[in-house]
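Participant: Attaching a predicted model along with its sequence, questions to come.
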Amino acid sequence: MSRMHTPEETKAAMHEVVAEMYDRIVKGEPPTMTLPVRTKNNIAFDKKLGVYKYGKKQSIRDATSLGSAKQLLRALHVVEFIEEMLDAGKSSTLREMYYISEGWGMGKFGSQNDSNNLAEDLEIVTKCLREDFKLRPEEDGARMIGNLTLRERNRRGEWMRINARDDVGDSGYGVPYNVELEKIELLEHDIDFIMAIETGGMFDRLIENGFDEDYRCGLLHLKGQPARSTRRIMKRMSEEWDLPVVVFLDGDPWSFRIFASIAYGAIKTAHISEYLATPSATYLGITADDIVAYDLPSDDLSKKDIEALNAELSDPRFADSWWQDQINMMLELDKKAEQQSLAKYGLDFVTETYLPEKLAELGLA
Amino acid sequence: MSGIAQKLASNQKQVAISEFFEKNKHFLGFDSLARSLITAVKEAVDNALDACEEARILPSIRIEINKIDPKKDIVQLIVEDNGPGIPQKSIEKVFGQLLFGSRFHAIRQSRGQQGIGITGVVMYCQLTTGRTTHVRSKIATEPTAAVVDIGLDTRKNKATKANAGREIWYNEDGSSKEHGTEVTAQMKAKYQKGRQSVWQYLRMTSIVNPHAEIIFVDPEGERHHWTRVTERLPTKVESIKPHPHGIELGQLQRMVSESNDLNLNHFLLNNFSGVTNRARKELCQAAELEGTRKMRAIKGDDIRNLLEAFQGERLVNGQPAKLLKPPTNCLSPIEEILIKKGLSKTIDSRFVTTLTRVPNVTQGNPFQVEVGLIFGGSMAGDKPVEILRFANRVPLMYQQGGCLLTKAIESVDWRQYGLDQAGGKGVPKGPAAILVHLASTNVQFTSEAKEALADNGEVMEEARKAMLEMGRGLRKHLEKKKKMAKTKEKFELINDILPAIAEKSAQLLNRPVPELSGSITKIMSAVISESTTVWNKATKQTDVDIVLFNYTSRARAYTILATWPEKSGATMENNDTGGRKEALGVWAWKLDALQPGERKSITFSLSGLERGDWTETEVLFRGSQDVIGATKMDEKFLQEIRRQEQLFKESEDENTPSEQTLDQAPVASAPPVVEEVAEPAVAPPEGQRTLFGGDV
């Protein structure tokens, strides 16, 4: 399990990366940075942790091409920048770092994506977290509604007690980017499970229909591919409160991927899967079966959809037979459906018929 | 070309000129208001270029177009040249007579094969505006210029002249003009822009006439200036006699009836090329005619028999009569270096390659194909390439699709050479222009409009081969460009990034900055070649410098080869490294082992060239390890050079015994002249004193 590091530990870990480059030059070799291969071909199930982690394949980024050499130089600038922040007790967003890199001359980033990837590279190699580096993500966390209570430390350093049903407006409780113990404590709840929802439209529909109270659950809006903090707070609630997590998404290949990143770990963040993934999460719908069973309005699969489904067939995270059946079925149907297609049968169909039936299958209703 | 002439000659008496003009305006080039203006410019400019060429004067031509009455599409055209001028008494003939100077028997490559000449313009002006054409002309030996207004009496079908006189001709700057001709005409016509415009015609003309200076003032008063890029005049073309293979019945009939020869034997020997004494005998035998037969006695069927013998339809001992090929030195190609200059001055680009094939013969007519390709620069990358077609230095601007030269371009799969082409067929797309020039004593067109060349297997094959060779040049250029970019990146890596990594890592770890030489060798892991080709003002020579760096950890041995313009008459000097001739235009140096970190250079100078003639030397190598910045020697390419060299020698031998003298060596066809313009050079690895001890 990853944990926060002290500034000294963080610096020491970063210096190992710097020393690898330095020592290679001293030996008369091109400088290098060694990191795990970050593709689906190099993730493996970790039985002990119950999540997917990077395997043993290493890739060596060496300075024999201009692109790689620039990445190494950037990494050094990032290390220097983080050290300065650690010393000054400051933090910055990844986007701010991207703009700060304007002053790094040849080491400046080509795009925001470059700087995000490099921050992840450093996390992986140093086994530190983004939080250790004092780097914040840009993306905001999810919204949450339900009868659960937590404590958040505000900017003035004071702890605030918040009930995510009684103390919030219609938009719910906004999950901050840092959800670690130093910032958030989970206090108590009176719910039976947590339901993660892909789209804002469906989240609002369930709230309007009073689903959280009728079915004693916490609702969590994922906003598409969930941010790290969203996945992290799901995991904490699931573990600390021992609550089941069900995931309600669109019925398309991209939703399958969202689920995989929630339950098994995302490929991009496989180095911290055990810290972000919720292995007990269950995929509620929309399944390929649902499209047929509920005769849902659907769209034809696009070329990209089909490519994505085929890629999932060979993804180790979808290797079990249930997923293989679902993926093959969707390919056969050549159809996909949105959550909100359930509105075909009226605005209450989802809360009165669909979800109760699906939850009953899981023994939750 | 005799088609129109005949028609004109036979029709002249019965049909009024106006009617004749109206009926035939489509092939006279006056079928639309826009085209009429181009035709008028064309006739005047062609006359100017021809006159200058004949008098060995470097042409300066000024064209001005003014809108006189835009509502009625009346424009004024003024064309002024610095040609030899026309003696007063000849002006009428040149401008008012339809068939002036036609030579049925002389066969030569000339611009005048197209159109009916400047007389057509005079006619057109008269018919559309009722106005005469004002001519002013001065010859060097007379103090004043002759002026006259030429018109046509449409009732009597005769040229008219008025206001004849003499005047002093002042230039714009007040000095008096030495010699030249100026034509001022008013006609119904429309000035327009675009691909088929006066501007485009002049631009194309300037490409294939690099020795000419052309100034064009358009109706908006804008001045377009195409400068002269060479002082070299085109070679004087020699007339040759017709070859029996290229004769048509009508022509033979006329030749027989006009003959003053003693008998058939003399007729054959005196009036044809390629007819040796033995061939003469065989032709007579095949035609079953006595060689001693008087020309008067040769009539209808005899002529037909003779023609069949000419064409090999009548045999001697089961074989056609053996004829020599016609001489090919009657052709005047533009030549590779000059096409290159013409293209470069007109089109902004990064790469030019040109190629002149060895002359060949089709149906008794000598012909020669030249091509040029210009790539990159500011040309649009997503449009079909611009096709520039020429026949005997005359731009072809219409009927592109139906032209043999276009078909030759379309027959090449350009994708393999780095241009886009849907399905490997049709006109390719990309930032390029392709030039094709056919020089021939008898250019065959698809129609009287004379805008598209008729199909001909041999011409097609020559053009196609030339394209393929040029395509290879383009591919090499693109590959080299890619490699250069890669090399440039590597230099950036070792000169900028690596030192920065070393410095920053040392600073973060608080250790000394490490030594870089080992890493550099590992990173570069290549032998790199750089070459410069520069004009040396002081010596009037082109200095070439080829440098080789070994950035690997092992010793390397190579043979380095370089192209040089041997066939353009250059000589190699100060070549201290020695070496030997590999093939025509290719020199080779065998180098001793190049040690790790070592640098060697080859230098030589080229004399006998003008500034700008040779600006890029292609460096090739033989050896196992790749050399960045040089091309691995393609032995097939070398074979093709040697084959063309051989052909060139053979054609020279064939031409020698003929009555013609070679006043200029025809050009063998390899290697193509290649120029790369303003390509950013790779910076030498400055500051890497560790490897080269500062002698970089």
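Facilitator: Great, that's in hand.
Participant: ok, the residue of the stretch 201-350 of chain A found nearest chain B - how many residues close by?
Facilitator: The nearest approach of the stretch 201-350 of chain A to chain B comes at A:Lys303, 22.2 Å away (Cβ to the nearest Cβ). (Glycine included, C-beta is placed from N, CA and C.) Look at A:Lys303: counted by other Cβ atoms under 10 Å in any protein chain shown, it has 7 neighbours.
Participant: what number of residues lie near residue 126?
Facilitator: This is for chain A. 23.
Participant: think we crossed wires, I meant chain B
Facilitator: B:Gln126: 25 neighbours (other Cβ under 10 Å).
Participant: Check which helix or strand it maps to.
Facilitator: B:Gln126 belongs to helix B:118-129 when elements are defined using DSSP states H and E.
Participant: Tell me which other helices or strands that helix touches.
Facilitator: Judged by 3 or more Cβ pairs under 8 Å, 6 or more residues apart in numbering or on different chains; DSSP states H and E, helix B:118-129 is in contact with helix B:17-28, helix B:33-54, helix B:88-96, strand B:133-138, strand B:145-153, strand B:180-188.
Participant: Give me the distance between B:Lys504 and B:Phe491.
Facilitator: Distance, B:Lys504 to B:Phe491, by Cβ to Cβ, to the nearest Å: 20 Å.
Participant: who has more neighbours, those two?
Facilitator: B:Lys504 (23 against 19).
Participant: Find the nearest non-adjacent residue to the more buried one, please.
Facilitator: A:Leu76 (4.2 Å; Cβ to Cβ, 6 or more residues apart in numbering or on different chains).
Participant: pretty sure that neighbour contacts B:Ile501?
Facilitator: Yes - with contacts counted by Cβ atoms under 8 Å, A:Leu76 reaches B:Ile501, the gap being 6.5 Å.
Participant: the more surrounded of those two?
Facilitator: Taking other Cβ under 10 Å, A:Leu76 and B:Ile501 do not tie; B:Ile501 has more neighbours (30 against 26).
Participant: Break the chain down into its domains, please.
Facilitator: No chain was given, so I picked chain A. Following automatic domain parsing, one finds the domains of chain A at A:7-136, A:143-361.
Participant: wait, chain B
Facilitator: B:2-226, B:244-310.
Participant: Out of the domains of chain A, which gets the lowest mean score?
Facilitator: Lowest mean pLDDT of these: domain A:7-136, a mean of 87.
Participant: Tell me the secondary structure at the residue in chain B that chain A sits nearest to.
Facilitator: Residue of chain B nearest chain A, by Cβ to the nearest Cβ: B:Gly518 (2.2 Å). What DSSP: H, G, I helix; E, B strand; the rest coil gives for B:Gly518 is helix.
Participant: can you give me phi and psi for the closest residue to it other than its chain neighbours?
Facilitator: Spatial nearest neighbour of B:Gly518, chain neighbours left out: A:Gly28 (2.2 Å); criterion: Cβ to Cβ, 6+ apart. Here is the backbone geometry of A:Gly28 (degrees, to the nearest 10): phi 80, psi 20.
Participant: A:Gly28 - how many residues pack around it?
Facilitator: 16.
Participant: tally of neighbours for B:Ser137?
Facilitator: By other Cβ under 10 Å, neighbour count at B:Ser137 equals 26.
Participant: Can you verify my assumption that B:Arg357 contacts B:Glu335?
Facilitator: No - the pair B:Arg357 / B:Glu335 is not scored as a contact, 11.8 Å apart, by Cβ under 8 Å.
Participant: got any residues that touch both of these two?
Facilitator: Shared contacts of B:Arg357 and B:Glu335 (Cβ atoms under 8 Å, 6 or more residues apart in numbering or on different chains): B:Glu370.
Participant: now the strands for the stretch 201-350 of chain A?
Facilitator: Applying DSSP state E, counting those that start in this stretch to the stretch 201-350 of chain A gives strands spanning A:217-221, A:245-248, A:282-285, A:299-300, A:335-336.
Participant: which stretch in the domains of chain B has the least confidence?
Facilitator: domain B:2-226 has the lowest average pLDDT among the domains of chain B, namely a mean of 82.
Participant: so which of the strands of the stretch 201-350 of chain A comes closest to B:His225?
Facilitator: The closest of the strands of the stretch 201-350 of chain A to B:His225 is strand A:299-300. By Cβ to Cβ, the value is 61.4 Å.
Participant: what helices or strands is the closest one leaning on?
Facilitator: Secondary elements touching strand A:299-300 (3+ Cβ pairs under 8 Å, 6+ apart): strand A:335-336.
Participant: Redo the domains of chain B as JSON lines? Include distance to A:Gly105.
Facilitator: What follows is the domains of chain B, written out as JSON lines (distance: least, Cβ to Cβ, whole Å):
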{"stretch": "domain B:2-226", "distance to A:Gly105": "45"}
{"stretch": "domain B:244-310", "distance to A:Gly105": "72"}
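Participant: closest one to A:Lys57 among these?
Facilitator: domain B:2-226 (58.0 Å).
Participant: how distant is the closest one from the center of its chain?
Facilitator: 24 Å (Cα atoms, centre = their mean, to the nearest Å).
Participant: what's the burial count for the residue lying closest to B:Glu182 once chain neighbours are set aside?
Facilitator: Nearest residue to B:Glu182, sequence neighbours excluded (Cβ to Cβ, 6+ apart): B:Glu80, at 4.1 Å. Each residue near B:Glu80 was counted by other Cβ under 10 Å, and the total is 22.
Participant: Identify the residues contacting B:Glu80.
Facilitator: With Cβ under 8 Å, 6+ apart, B:Glu80 has these contacts: B:Ile61, B:Arg62, B:Gly180, B:Thr181, B:Glu182, B:Val183.
Participant: Which helix or strand contains B:Gly473?
Facilitator: Here B:Gly473 is assigned to helix B:457-492, by DSSP H and E.
Participant: Next, see if that helix gets close to chain A.
Facilitator: Yes - interface with chain A: helix B:457-492 contributes B:Glu489, B:Lys490, B:Glu492 (Cβ under 8 Å from any Cβ of the partner chain).
Participant: Can I get these in TSV including pLDDT?
Facilitator: Shown next, in TSV, are the residues of helix B:457-492 next to chain A (pLDDT from 0 to 100):
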residue	pLDDT
B:Glu489	85
B:Lys490	83
B:Glu492	86
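Participant: ok, and the most crowded of these?
Facilitator: Of these, with other Cβ under 10 Å as the count, B:Lys490 tops at 24 neighbours.
Participant: Could you tell me which residues touch both of A:Leu76 and B:Ile501?
Facilitator: Common neighbours of A:Leu76 and B:Ile501 (Cβ under 8 Å, 6+ apart) are A:Met21.
Participant: residues contacting whatever residue of the stretch 1-150 of chain A ends up closest to chain B?
Facilitator: Nearest residue of the stretch 1-150 of chain A to chain B: A:Gly28, at 2.2 Å (Cβ to the nearest Cβ). Contacts of A:Gly28 were listed using Cβ under 8 Å, 6+ apart, and they are B:Ser517, B:Gly518, B:Ser519, B:Thr521, B:Lys522.
Participant: Near the spatially closest residue to the last one that is not a sequence neighbour, how many other residues are there?
Facilitator: Among residues not flanking B:Lys522 along the chain, A:Pro30 sits closest, at 5.3 Å (Cβ to Cβ, 6+ apart). Number of residues near A:Pro30 (other Cβ under 10 Å) recorded here: 27.
Participant: Same check on B:Glu635?
Facilitator: For B:Glu635, using other Cβ under 10 Å, the count is 9.
Participant: Show the pLDDT at it.
Facilitator: Reported pLDDT for B:Glu635: 82.
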